[in-house]
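**Student:** Fold the stuff below for me.
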Amino acid sequence: MAARRTTRVCVVGAGVIGLSTAYRLQDASLDVDVTIVSEEFSPNTTGDGSAGFWRPFLLSGVPDELVRYVVRTLPAVEKLKLKT
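**Tutor:** The predicted structure is shown next:
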């Protein structure tokens, strides 16, 4: 039997997209070694400000498509928060 090979992945950026990508790769139970490279890490990323606004449906006039997106993605973001 061949030895299992670990895939090495480099994620560039430690904002919302970079960290959630790294998390999803590891959470998918893939045999992966993830390295995150960034000039800044939380709390010094632009994502700290933009990621803090996850409830746009509290505003009036928000398109239904955006509300559906938030309802689908908010649980994943909350799961990330609980793991920090």
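**Student:** how far away is the residue sitting nearest the centre point of the chain from residue 61?
**Tutor:** To find the centre residue of the chain, average its C-alpha atoms and take the closest one (Cα atoms, centre = their mean): that gives residue 20, at 1.6 Å. Between residue 20 and residue 61 the computed distance is 27 Å (Cβ to Cβ, to the nearest Å). Using the backbone N, CA and C atoms, a C-beta is placed for each residue, glycine as well.
**Student:** same for the helix or strand hosting residue 75, what does it pack against?
**Tutor:** When secondary structure is defined by DSSP states H and E, residue 75 falls within helix 64-82. Contacting helix 64-82 under the criterion 3 or more Cβ pairs under 8 Å, 6 or more residues apart in numbering; DSSP states H and E are the following elements: helix 16-27.
**Student:** Run the angle between the helix it packs on and helix 64-82 for me.
**Tutor:** Counting by axes from the mean of the first three to the mean of the last three Cα atoms, to 10 degrees, helix 16-27 lies at 60 degrees to helix 64-82.
**Student:** Rounded mean pLDDT for helix 16-27, please.
**Tutor:** Helix 16-27 shows an average pLDDT of 85 in the prediction.
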